[in-house]
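**Student:** build me a model:
(chains A and B)
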Amino acid sequence: MNDLKYLLERALADGHGPARAAHADPSGDLARGKRLLLRRARYRMLASSAAAAIAAAVVVPIALSGSPAQAGLVAYTGTQPPGYVVKEIPAGWVIQGTNAYALTIAPASDTDQNPDSFLGKLVVMQGEFSTADAAADGWVATTAGGRTAYYNHGQPSGDGTVTAGFVIEQAPGRWLTVQAPASLAWTEAQFKEFALGVSILATATPGQG
Amino acid sequence: MTLTSRDEEFSAFVRTRRSELLRSACLLTAGDPHLAEDLVQTALAKLYVAWPRVRRDGTQVHSAWRILANAHIDELRRPRWARERPVAAPPDQPDPAGPPDGMALDAFPDGIDGAAVRAALAALPAGMRAAVVLRHWADFSTQETARILGCTEGTVKSQTAKGLARLRGLLDSPAETVR
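**Tutor:** Predicted coordinates:
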């Protein structure tokens, strides 16, 4: 006579289940978890921007050029974050945190001190970018420092999204992505200036999943 | 790579719990190790996202199981998958005779091989299979199983009783009922 547990153990035999292991390597699950966290943070940021735009019933497009920014760039003089080299940051903002996937910069007065939360913050990451889909997604081709780049000024779409973005090719197929909240009101030139001042070291990991 | 305390705690959890989750997922999928791996990867990624909350609540283990069970049920609901296996006769009704005298509810005859068990598991509805695996493989209590599956304890008792009866009906004569 067999109890059910014994039979279930038998069901895992013959390659239909792994052997019992004392320890598993967590690196893959950790990387997948971080990618999912980033995707959700992006979604929340976009959704929040849309909600704010609808609530105010006013849409504020970010100027493509010319107008002064609410927070201009100043030289960054603090300790460089692990995995990155940053030359400039917005005035009054601080590097809030970094991990292998993203660098988070936020207003010094921001009450949200979680570097994994990107709402209303400036976020830098590296990853893939589909140039084939760029135009359809509102990205405009440009160049920065002689490198291919794309700028998305966040012109409100049907859902009211006003989050702005900038990507610049670091190496074939590898892109540095900068996301900025509408409140920063950056011009394309400021995106370029900031992006060209950021270097991602080899220790950072692609953050787009 | 810079590890935060969240990363370190999550990694420690994965090191000690992943094998157990994957083996259980293999049972939830009735012996499909590839789908089981997908489910565990999905569940652990979602667990990482929810880690601050589940850690604060002390529900890491239950949450991992809940996400895994829900991912399994969601997977079966996908229309592109046809996971039902044809059987000669619908095994919906519990064996009216029940186990032979003196045999425990979860006791089964000798000579049953793994393939028959997997086929019998596959014949159970997803929720019933999850209840059986949680109660009789992972050794969760009725209360814990109800919490993980988001149902009442009465439902867990009902589902596990029906599940055991259906397994018994299938495994007592696997050649006739499971193909």
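
**Student:** which stretches of the chain aren't confidently modelled?
**Tutor:** In the absence of a named chain, this looks at chain A. For chain A, the stretches with pLDDT under 70 are A:1-2, A:22, A:41-71, A:100, A:128, A:133, A:136-137, A:154-163, A:203-209.

**Student:** oops, wrong one, chain B.
**Tutor:** For chain B, the ranges with pLDDT under 70 are B:1-4, B:76-110, B:173-179.

**Student:** can I see the domain layout of it?
**Tutor:** Chain B breaks down by automatic domain parsing into domains covering B:5-77, B:114-177.

**Student:** for the closest residue to residue A:168 other than its chain neighbours, what is the enclosing helix or strand?
**Tutor:** Excluding its sequence neighbours, the residue lying closest to residue A:168 (C-beta to C-beta, 6 or more residues apart in numbering or on different chains) is residue A:149, at 4.2 Å. Quick note: C-beta positions are derived from backbone N, CA and C, even for glycine. If you go by DSSP states H and E, residue A:149 is part of strand A:147-152.

**Student:** just to revisit the earlier point, just put the domains of chain B in TSV and tack on distance to chain A and mean neighbour count.
**Tutor:** Shown next, in TSV, are the domains of chain B (distance: least, C-beta to the nearest C-beta, whole Å; neighbours: other C-beta atoms under 10 Å in any protein chain shown):
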stretch	distance to chain A	mean neighbour count
domain B:5-77	2	19
domain B:114-177	4	20
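
**Student:** shouldn't residue A:199 be within a strand?
**Tutor:** Yes: with DSSP: H, G, I helix; E, B strand; the rest coil as the criterion, residue A:199 is part of a strand.

**Student:** surely it touches residue A:84?
**Tutor:** Yes: taking contacts as C-beta atoms under 8 Å, residue A:199 lies within contact range of residue A:84: 6.8 Å.

**Student:** looking only at neighbour counts, state which of the two leads.
**Tutor:** More crowded of residue A:199 and residue A:84, by other C-beta atoms under 10 Å in any protein chain shown: residue A:84, with 18 against 14.

**Student:** any chance you could map the helices in chain B?
**Tutor:** Shown for chain B, the helices assigned by DSSP state H span residues B:5-28, B:33-49, B:51-57, B:60-77, B:114-122, B:126-136, B:142-149, B:153-172, B:174-177.

**Student:** export the ones you listed to CSV and tack on distance to residue A:176?
**Tutor:** Formatted as CSV, the helices of chain B follow (distance: least, C-beta to C-beta, whole Å):
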stretch, distance to residue A:176
helix B:5-28, 23
helix B:33-49, 24
helix B:51-57, 28
helix B:60-77, 33
helix B:114-122, 48
helix B:126-136, 44
helix B:142-149, 42
helix B:153-172, 51
helix B:174-177, 59
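
**Student:** of all those, which one comes closest to residue A:166?
**Tutor:** Ranking these by proximity to residue A:166 (C-beta to C-beta) places helix B:33-49 first, at 26.3 Å.

**Student:** now for the closest one, which elements pack on it?
**Tutor:** Secondary-structure packing of helix B:33-49 (3 or more C-beta pairs under 8 Å, 6 or more residues apart in numbering or on different chains; DSSP states H and E): helix A:27-56, helix B:5-28, helix B:60-77.

**Student:** so for stretch A:76-92, first residue to last residue, what's the gap.
**Tutor:** In stretch A:76-92, first residue to last residue: 11 Å (C-alpha to C-alpha, to the nearest Å).

**Student:** how far off centre is stretch B:31-46?
**Tutor:** From the chain centre to the centre of stretch B:31-46 is a distance of 12 Å (C-alpha atoms, centre = their mean, to the nearest Å).
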